[in-house]
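1. For reference, the sequence and a predicted model appear below.
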Amino acid sequence: MSFFFNRYEQEPKKEIDVNAPPKQGLALFFSVLRNEFWELIKLNLVFIIFCLPAVTIPAAITAMSKITIKMLMDQPVYVFSEFLSSFKAEWKRATIVGAIYFPLLAATLYGQYIYLNIMENFILYAASIFLSIILITAGFYIFPMIAVLDTDLKGVLKNAVLLVFIRAPHNVLALIAAAALALFVLVFFPLSSLLVILILFSLTNLITTFCAYTGIKKFVISP
């Protein structure tokens, strides 16, 4: 077993031009996707394993966000050991937030079904869609902030809600990209099942964290 993890944890070899200016924007995203592709596959597999008891999903998302943030910062990543370390360190805070966040999100999604199919109230249906979008995009920020900031949970939730509105255009683009990926999986399932196993979750997290971490650096960390 130790032999497996030692090989699994080998640091990816990179050719780095120390004189090159740091990449930003989409150039940074695609650079990470290209250079860390195999690490993203490892991360996806580890994430699935740690999500097997559903109660651990919030902590697993937090640990995955910690890894993708390190990728975006161009820091060396040891997927298993750092995922496990972050999972252990933040499981309590992440689980508490998850116990609030996911039932609220589920309630807004269920509300869409009720207001459209049973009550046929399109105003409440539209309101529930709006609340779902607010909660989903707030999730972009909640779990990365838990992963990298030693902030109380009240501060995490407050900052996440503020960033939803401050960075609305960025959030919409990230939401569209993540939704397009999910739609692709649904349309081509079961042909896309290999994509789910290998990279769907880590790639989705890279998209949302790429959006979120820029805002966290600018509006939360810098001040």
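-> Ah, there it is.

2. okay, Tyr213: pLDDT?
-> Looking at Tyr213, its pLDDT reads 93.

3. just Gly111 next, same as before
-> For Gly111, the model assigns a pLDDT of 91.

4. how about the nearest residue to Leu104 once chain neighbours are set aside, what does it touch?
-> Of all residues not flanking Leu104 in the chain, Leu135 sits nearest, at 6.0 Å (CB to CB, 6 or more residues apart in numbering). From N, CA and C alone the C-beta is placed, and that goes for glycine too. When contacts are counted by CB atoms under 8 Å, 6 or more residues apart in numbering, Leu135 touches Tyr101, Leu104, Leu105, Thr108.

5. can you do 7 Å?
-> Leu135 sits next to Leu104, Leu105, Thr108 when contact means CB atoms under 7 Å, 6 or more residues apart in numbering.

6. low pLDDT regions in this protein?
-> 1-22, 223 (pLDDT under 70).

7. Can you identify each of the helices in it by residue range?
-> Assigned by DSSP state H, the chain shows helices spanning 2-8, 25-35, 37-50, 57-72, 79-113, 122-148, 153-166, 168-188, 193-195, 201-216.

8. what would the contacts of Leu135 look like in TSV with distance to Leu149?
-> TSV is the format used below for these (distance: CB to CB, whole Å):
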residue	distance to Leu149
Leu104	22
Leu105	22
Thr108	26
